[in-house]
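Colleague: Sequence plus the predicted model coming up.
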Amino acid sequence: MSPYAMSMLLSSLSAGTIITLMSTHWFLAWVGLELNTLAMVPLMSKMQHPRATEAATKYFLTQATASALLMFAAATNAWYTGEWTIMNMQTTASSLMLMIALMIKLAVAPFHLWLPDVIQGLDLMTCLILSTWQKLAPFALLVQINSELDSTLMTFMGVLSIIVGGWGGLNQPQIRKMMAYSSIAHLGWMIIVLTYSNSLMMLNLSVYLIMTSSMFLMMMNLTSTNINKAAISWTKNMPLMSMMMIVLMSLGGLPPTSGFLPKWLILEEIVKQNMTFIATIAALSTMLSLFFYLRLSYVMSLTTSPTVANSKTLWRLKMDTNKMMSSTIILSTMLLPLTPIILNLF
């Protein structure tokens, strides 16, 4: 793709998200979401491959459906209230439709089926954008209207996302699909706590963005997209493979890594809300996610796949380093001791 086209698409992507983040009017928020979607579709189909075209088509149809439902809900609310302000949602039907539209955009269960198929057809950089940047605008709208949302339904969808995210990744040989189900599971934790504590949701979102970014950046450096390629990636960069194993444990929420921090605080919060049964289900469902992270870690670190003889010297060659990757790896693994400071910031 031409650098000029790429810069225009990335600028439009950023502008769409920023417009939605700054908007207090439903029409302006809808414009930002549409600009975001239309900038994302060419990025998805830039590989000129049937799988990329399929992924772009599925993404466009899903996002167009969600945007149409969001605009219909906003128009219905404006019909009753006479204004388009985001904070003024006074009808149950409009609130429910808005919640469903934003859940479709975020790929929260049971509206998650499009995400694994779409991510599998994309290159790793586009997967990174879809898994991180594209979550910001819908979450900004959710935070603004969370007082009007049905907390019981939100909790149900959050728990369902955690279960589906863990269960769906168990048999996946493709790392991109594993990361898709990982995203679904992490979004479930955020949805559960959203109606009780915005600050904890923002903390979880921040840690999720850091961990997912570091994982995709390492995958790009090692060009590993499935378990078989990951098994021989130690010949390319042994220190990076060791760090990838630790980041996988952080994604699973294993102490003492950074990924344990938001899960610990969220479990504490929902127990305070007398939701011990929900906390138990969420904690047990995390074991499912941890299993497929451990399986990938085992393949990378404790097995030696058959390789040609001269490939074992690849690690001696000079590898490209990414300063952003180094910082995200550090943040993905070492934030737990800073918990009191982080809580004060949020």
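Modeller: That came through, no problem.
Colleague: and the helix or strand encompassing residue 340, what does it pack onto?
Modeller: If you go by DSSP states H and E, residue 340 is part of helix 339-345. Helix 339-345 sits against helix 260-272, with contacts defined as 3 or more C-beta pairs under 8 Å, 6 or more residues apart in numbering; DSSP states H and E. Where C-beta positions appear, they are placed from N, C-alpha and C, glycine not excepted.
Colleague: relative to helix 260-272, how tilted is the very next helix or strand once past the helix it packs on?
Modeller: Per DSSP H and E, helix 260-272 leads on to helix 276-301 as the next helix or strand towards the C-terminus. Here the directions of helix 276-301 and helix 260-272 differ by 160 degrees (axes from the mean of the first three to the mean of the last three C-alpha atoms, to 10 degrees).
Colleague: in helix 276-301, what's buried?
Modeller: 278-279, 282, 285-286, 288-290, 292-297, 299-300 (16 or more other C-beta atoms under 10 Å).
Colleague: doesn't residue 156 make contact with residue 109?
Modeller: No: applying C-beta atoms under 8 Å, one finds residue 109 not in contact with residue 156, separated by 9.6 Å.
Colleague: So for those two, which sits in the more crowded spot?
Modeller: residue 109 (23 against 16; other C-beta atoms under 10 Å).
Colleague: What is the three-state secondary structure of that one?
Modeller: coil (DSSP: H, G, I helix; E, B strand; the rest coil).
Colleague: Contact partners for it?
Modeller: 157, 160-161, 163-165, 184, 188 (C-beta atoms under 8 Å, 6 or more residues apart in numbering).
Colleague: Now, those that are in helices?
Modeller: 157, 160-161, 163-165, 184, 188 (DSSP state H).
Colleague: Highest neighbour count among those residues?
Modeller: residue 161 (30 neighbours).
Colleague: So what's the predicted local confidence for the closest residue to that residue other than its chain neighbours?
Modeller: In space, and not counting its chain neighbours, residue 161 is closest to residue 188: 3.0 Å by C-beta to C-beta, 6 or more residues apart in numbering. Residue 188 is assigned a pLDDT of 93 by the prediction.
Colleague: Next: the one 4 residues further on.
Modeller: Reading off the per-residue confidence, residue 192 sits at a pLDDT of 92.
Colleague: what about it, which helix or strand?
Modeller: helix 175-194.
Colleague: tell me the angle of that helix relative to helix 260-272?
Modeller: Using the same axes, to 10 degrees: helix 175-194 against helix 260-272 is 40 degrees.
Colleague: The helix or strand that helix 175-194 is followed by versus helix 175-194: what angle between them?
Modeller: Next helix or strand after helix 175-194 toward the C-terminus (DSSP H and E): helix 198-222. If you take the same axes, to 10 degrees, helix 198-222 sits at 170 degrees to helix 175-194.
Colleague: Surely residue 296 and residue 227 touch.
Modeller: Yes: using C-beta under 8 Å, residue 296 is in contact with residue 227, at 6.4 Å.
Colleague: Please look at residue 170 and residue 291 and confirm they touch.
Modeller: Yes: under the criterion of C-beta under 8 Å, residue 170 makes contact with residue 291 at 6.5 Å.
Colleague: Now stretch 96-104 - C-alpha only, PDB.
Modeller: The C-alpha coordinates for stretch 96-104 follow below in PDB (Å, rounded to 0.1, in the frame of the first residue of the first chain):
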ATOM      1  CA  LEU A  96     -31.100  -1.900  25.400                       C
ATOM      2  CA  MET A  97     -30.500  -1.300  21.700                       C
ATOM      3  CA  LEU A  98     -27.500   0.900  22.400                       C
ATOM      4  CA  MET A  99     -26.000  -1.700  24.700                       C
ATOM      5  CA  ILE A 100     -26.500  -4.400  22.100                       C
ATOM      6  CA  ALA A 101     -24.900  -2.200  19.400                       C
ATOM      7  CA  LEU A 102     -21.900  -1.500  21.500                       C
ATOM      8  CA  MET A 103     -21.500  -5.100  22.500                       C
ATOM      9  CA  ILE A 104     -21.500  -6.100  18.800                       C
END
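Colleague: list the buried ones in that stretch?
Modeller: Those would be 97-104, for stretch 96-104 by 16+ other C-beta under 10 Å.
Colleague: Which secondary structure elements does the host helix or strand of residue 244 sit against?
Modeller: Assessed by DSSP H and E, residue 244 sits inside helix 238-251. Other helices and strands packing on helix 238-251, by 3+ C-beta pairs under 8 Å, 6+ apart, are helix 198-222, helix 276-301, helix 323-333.
Colleague: quick one, the last one and helix 238-251 angle?
Modeller: The one in question is helix 323-333. Going by the same axes, to 10 degrees, helix 323-333 makes 40 degrees with helix 238-251.
Colleague: Please convert the helices and strands packed on helix 238-251 to JSON lines, extending it with mean pLDDT.
Modeller: Shown next, in JSON lines, are the helices and strands packed on helix 238-251 (pLDDT from 0 to 100):
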{"stretch": "helix 198-222", "mean pLDDT": "91"}
{"stretch": "helix 276-301", "mean pLDDT": "89"}
{"stretch": "helix 323-333", "mean pLDDT": "84"}
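Colleague: closest one to residue 266 among the ones you listed?
Modeller: Closest to residue 266 of those is helix 198-222 (C-beta to C-beta; 5.8 Å).
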